[in-house]
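[1] the following comprises the amino acid sequence and a computationally predicted model.
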Amino acid sequence: MQHFPIFMALAGRRVVVSGGGDAALAKLRLLLKTEAHLTVFAEEFAPEIASWATEGKLRLVPRAMAPGDALCAVLFYGANEDDAEDARTAALARADGAIVNIVDNLIDSQFITPAIVDRDPVTVAIGTEGAAPVLARAIKRDLEERLPATLGTLARIGKLFRSAADALPMGRKRRDFWSEFYFKTGPQAIEEKGIKSVRPALEALLDQHLNAGEKEGHVDLVGAGPGDPDLLTLKARKALDEADVVIYDRLVSAEILELARREATMIDVGKEGFGRSVSQNEINDLLVQHAQNGAHVVRLKSGDPTVFGRLDEEIDACRAAGVSWRIVPGITAASAAVASIGQSLTKRDRNASVRFLTGHDMKGFAEHDWRALARTGEVAAIYMGKKSSRFIQGRLLMHGADPATPVTVIENASRPEQRIVTAQLSDFADAITRADMKGPALVFYGLAPRTAQSVAATIQPQEVAL
């Protein structure tokens, strides 16, 4: 992040604009929404700018800027539509202590003006650091359609009521009150009886929340999916937005953790195969402890919590402690990974079933029915199979599997750094070693990428994934 987003108080402060044409006009339309004292320097002015001066909305100075003209100004806009004049006036403004923006010149600007969705006093600012203005405008258009016109009215009423709402304790109870006001009680009051009914409805809602008992804690056992935040379910996103405490695994991506509320307590209980570990009993205790303290807890697991997620142990701990719980399923890594190679887990006349296996369990390398799996046409998705690849390879070959059976290994499935390794059973362990895989990997036994031209061991770049 090269530009730190802030909202600057401009009421009663001076802002200077140099320029009187279209570029200045565009900036002034936005600046006139504020309570700043605006001064515009230019030898010629657009008629609309002149009319604003006549109405007393800004002050015009009909000449080019000179040293000292930006003294006491907090912001300066160079909008001369002339590179040399913009550079000259920007230098003057910097010397006078103003923060400088030159229209359409990101490199020489000290700040940028984002695209804005205005529901005063609710303001949404959208910036791309100059990388994609078209994208910023598209996001603005989408938000304009989504945010109701009454949102600003509700926010103004709510602002005046904040001191009364301070009677509620900080945290979940106060957050629940405001959430119900903005998304249910407030809009309903305006729709049914108009703006005058909002304040009485707000007072009634506060009495209701003040007299309500303490809410009990709750645990959501949430699947974070394979890593791509776009593959997170809507129910999972909602749970993250409401969580007071998030207890997450090592494989949950940083992009998904960013979706949690800033005020939420984040607890890393990441486990690593044959490495450092937080015991399951410790995790169970954390879930119960925070829920019994009244928190909404999200236990965030990579993939789907019902697939090799130790889910039953956590449910049993919640039930034994009398804590309510809910499962929020996620997209398991096998679904995302097989999609990336353009394949299906099952196919008519090839395999009518698919096996989900783990490469190792609590006792070490996991044993399975290798003889059944070694039959021609079988397909398996093997989780945690990277470190146990030689064990898996040996067991299958020992039980008669064809050495030429295709094996595909997908590292960091669904993420930008995804890699695909294709091999035969006879050499797939060596292929993993050559690829020097560092991230989580899923092994597909019996499947090759649809685009593969041969079954020789190769590393496929991300771009070949369908």
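    Arrived safely, thanks for sending.

[2] please make it C-alpha for all contacts and neighbour counts, starting now.
    Fine.

[3] hmm, who's touching stretch 21-37?
    Applying Cα atoms under 8 Å, 6 or more residues apart in numbering, the contact partners of stretch 21-37 are 10-15, 17-18, 44-46, 48-49, 57-58, 79-81, 103.

[4] surely Asp402 and Gly377 touch.
    No. Asp402 is not in contact with Gly377 according to Cα atoms under 8 Å; the separation is 10.3 Å.

[5] quick one: the residue most central in space within the chain from Arg350, how far?
    Nearest to the geometric centre of the chain sits Leu259, at 4.3 Å (Cα atoms, centre = their mean). Distance, Leu259 to Arg350, by Cα to Cα, to the nearest Å: 41 Å.

[6] likewise for Arg390?
    As judged by Cα to Cα, Arg390 and Arg350 stand 26 Å apart.

[7] these two: which has the busier surroundings?
    Between Arg390 and Arg350, counted using other Cα atoms under 10 Å, Arg390 has the larger neighbour count: 16 against 12.

[8] related to what we said a few turns ago, quick one: the residue nearest to the centre of the chain from Val246, how far?
    11 Å.

[9] and Trp52, by the same measure?
    Taken as Cα to Cα, the span from Trp52 to Val246 is 52 Å.

[10] equivalent analysis for Asp304, please.
    According to Cα to Cα, Asp304 and Val246 sit 16 Å apart.

[11] with Val338 instead?
    Shown here: Val338 relative to Val246, a distance of 29 Å by Cα to Cα.

[12] repeat for Pro47
    Taking Cα to Cα, one finds Pro47 at 56 Å from Val246.

[13] who's more crowded, those two?
    Between Pro47 and Val246, counting by other Cα under 10 Å, Val246 is the more crowded of the two (24 against 12).

[14] would you agree that one is in contact with Thr265?
    Yes. Counting by Cα under 8 Å, Thr265 is a contact partner of Val246 at 6.1 Å.

[15] so which residues of the stretch 151-300 of the chain form helices?
    151-165, 172-180, 186-193, 198-211, 234-242, 254-257, 280-292 (DSSP state H, counting those that start in this stretch).

[16] adding mean pLDDT, write these out as TSV.
    Formatted as TSV, the helices of the stretch 151-300 of the chain follow (pLDDT from 0 to 100):
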stretch	mean pLDDT
helix 151-165	89
helix 172-180	86
helix 186-193	90
helix 198-211	91
helix 234-242	93
helix 254-257	93
helix 280-292	95
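
[17] joint contacts of Leu259 and Val246?
    Looking at what touches both Leu259 and Val246 (by Cα under 8 Å, 6+ apart), the common residues are Leu240.

[18] what's near enough to touch the closest residue to Gly97 other than its chain neighbours?
    Spatial nearest neighbour of Gly97, chain neighbours left out: Leu71 (6.8 Å); criterion: Cα to Cα, 6 or more residues apart in numbering. Contacts for Leu71 (Cα under 8 Å, 6+ apart) come out as 93, 96-98.

[19] so Ile102 is in contact with Asp86, correct?
    Yes. The pair Ile102 and Asp86 passes the contact test of Cα under 8 Å, sitting 6.7 Å apart.

[20] distance-wise, check the residue nearest to the centre of the chain relative to Arg237.
    Note on Leu259: its distance to Arg237, by Cα to Cα, is 7 Å.

[21] cool, and Asp108?
    From Asp108 to Arg237 the distance is 39 Å (Cα to Cα).

[22] now the strands for the stretch 201-350 of the chain?
    In the stretch 201-350 of the chain, the strands defined using DSSP state E, counting those that start in this stretch lie at 218-223, 245-248, 265-268, 296-301, 324-328.

[23] returning to what we had before: which of the contacts of stretch 21-37 count as buried?
    Those of the contacts of stretch 21-37 that meet the buried threshold are 14-15, 17-18, 45, 49, 57-58, 79-81, 103, by 16 or more other Cα atoms under 10 Å.

[24] make JSON lines from these and add distance to Glu313 and secondary structure to it.
    Putting the buried ones among the contacts of stretch 21-37 into JSON lines (distance: Cα to Cα, whole Å; DSSP: H, G, I helix; E, B strand; the rest coil) gives the following:
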{"residue": "Arg14", "distance to Glu313": "62", "secondary structure": "strand"}
{"residue": "Val15", "distance to Glu313": "61", "secondary structure": "strand"}
{"residue": "Val17", "distance to Glu313": "64", "secondary structure": "strand"}
{"residue": "Ser18", "distance to Glu313": "67", "secondary structure": "strand"}
{"residue": "Phe45", "distance to Glu313": "73", "secondary structure": "coil"}
{"residue": "Ile49", "distance to Glu313": "69", "secondary structure": "helix"}
{"residue": "Lys57", "distance to Glu313": "67", "secondary structure": "coil"}
{"residue": "Leu58", "distance to Glu313": "67", "secondary structure": "coil"}
{"residue": "Ala79", "distance to Glu313": "64", "secondary structure": "coil"}
{"residue": "Asn80", "distance to Glu313": "67", "secondary structure": "coil"}
{"residue": "Glu81", "distance to Glu313": "67", "secondary structure": "coil"}
{"residue": "Val103", "distance to Glu313": "59", "secondary structure": "coil"}
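
[25] so of those residues, which two are at opposite extremes in space?
    Farthest pair in those (Cα to Cα) is Lys57 and Glu81. Separation: 23.0 Å.

[26] could you give the backbone dihedrals for Val421?
    phi -110, psi 130 (degrees, to the nearest 10).

[27] and it, how many neighbours?
    23.

[28] same question for Trp325.
    Using other Cα under 10 Å, Trp325 is surrounded by 19 other residues.

[29] pretty sure it contacts Gly217?
    No. Trp325 is beyond contact range of Gly217, at 9.3 Å (criterion: Cα under 8 Å).

[30] where does this protein dip in pLDDT?
    Counting by pLDDT under 70, the chain has low-confidence residues at 271-276, 362, 452-466.

[31] can you list the domain ranges for it.
    Following automatic domain parsing, one gets these domains for the chain: 14-113, 151-211, 218-331, 334-464.

[32] with distance to Thr128 added, can I get the ones you listed in TSV?
    Listed next are the domains of the chain as TSV, based on distance: least, Cα to Cα, whole Å:
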stretch	distance to Thr128
domain 14-113	10
domain 151-211	25
domain 218-331	17
domain 334-464	20
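
[33] just so I know, which of those lies nearest Gly127?
    Between these, domain 14-113 lies closest to Gly127; by Cα to Cα that is 7.8 Å.

[34] okay, how far is it across that closest one, tip to tip?
    Terminal-residue distance, domain 14-113 (Cα to Cα): 17 Å.
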